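Engineer: 3D model of this:
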Amino acid sequence: MSKHIAEEETNLEHKTGAKKGAKTIATIVVAGGLIVGGITGTIKIVNNLESTKVRNLVNEYTSYDCLTLPKKVTINQAYDLNYCDGKTLYNAITKSGVKYCEVLDEYYTEDGREIAVLTITGTCTESIPAECVEINGAKVYMAPTGYELNGENAYRTINQSYTQIIEKQDDYSNIVVNGLDNVNIEVKEVQSRPFSDIISETLIVDVPDGATLNSNKECTASFRLVPKE
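Structural biologist: The predicted structure is shown next:
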């Protein structure tokens, strides 16, 4: 699902923009001194053009037609950063075909309609080959720590939790989740704002008041859309 452009240097792992569980969490280093907890390996954006930077951000964090910007980022300064102009973000969203956008629990759609946010929890089984050693011609199979042995394989049960946005429905009982057992779905209907509202806003990296840099010269912040000054 991940789409990268030529300006990026990539060590490929995996992508999850829509909050899917049991995926490898990596790091994205973005021009402007921002480090984002990310999802495709280590990516360094070498083109500082705002439109390119924002297009990369939209592509990287879009899954299942939904752009979900990360709620926690790390930045190497203890004050807010203007990440991009809202019109640049609006253009990237509309050109990408995104249907839904979430920025710090604020939701956007093309026409500002009511939508449904599903919180899905469940379990799945991960199976891997067991560790095998041969002693005097006999094979001995062992399960890694945290796994149970089943013949020549080892398995473990993983708890999964993620959110997904869909259109508002009158009845949600027909929703089917593949690949998970013991599924539970919580539904929250929310009123979204139109994409056009983003034009009059600025995407910032919001650093909490009184924040200080840690020993790595970093502090935790979040993406936020704020009205233009």
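Engineer: confidence score at the residue lying farthest from the centre of the chain?
Structural biologist: Distance from the centre of the chain peaks at residue 136, with 49.3 Å (CA atoms, centre = their mean). The score at residue 136 is 92. That number is its pLDDT.
Engineer: what do you get for the one 3 residues further on?
Structural biologist: Looking at residue 139, its pLDDT is 94.
Engineer: Same question for the one 5 residues further on.
Structural biologist: Model confidence at residue 144, given as pLDDT, is 94.
Engineer: try residue 125
Structural biologist: 94.
Engineer: Now the residue farthest from the centre of the chain. Its backbone dihedrals?
Structural biologist: When quoted as degrees, to the nearest 10, the phi and psi of residue 136 stand at phi 50, psi 40.
Engineer: ditto for residue 60
Structural biologist: phi -70, psi -30.
Engineer: quick one, helices of the protein?
Structural biologist: Applying DSSP state H to the chain gives helices spanning 50-60, 86-96.
Engineer: Single out the most deeply packed of those.
Structural biologist: Of these, the one with the most neighbours on average (mean count of other CB atoms under 10 Å) is helix 50-60, at a mean of 20. To be clear about C-beta, it is placed using only N, CA and C from the backbone, and glycine gets the same treatment.
Engineer: That helix - what's its average pLDDT?
Structural biologist: Averaging pLDDT along helix 50-60 yields 91.
Engineer: What of stretch 208-219?
Structural biologist: For stretch 208-219, mean pLDDT is 92.
Engineer: ok, and for that stretch, which residues are buried?
Structural biologist: Buried positions in stretch 208-219, judged by neighbour count with 16 or more other CB atoms under 10 Å: 211, 218, 219.
Engineer: do the same with stretch 56-72
Structural biologist: Those buried within stretch 56-72 under the rule 16+ other CB under 10 Å are 56-63, 66-70.
Engineer: what's the farthest-apart pair in those?
Structural biologist: By the measure CB to CB, the buried residues of stretch 56-72 have their two most distant members at 56 and 66, which lie 17.1 Å apart.
Engineer: if we can go back for a sec, and of the helices of the chain, who's closest to residue 224?
Structural biologist: Here helix 86-96 is closest among the helices of the chain (CB to CB), at 11.7 Å.
Engineer: which strands and helices sit next to the closest one?
Structural biologist: Contacts defined by 3 or more CB pairs under 8 Å, 6 or more residues apart in numbering; DSSP states H and E place helix 86-96 against helix 50-60, strand 201-206.
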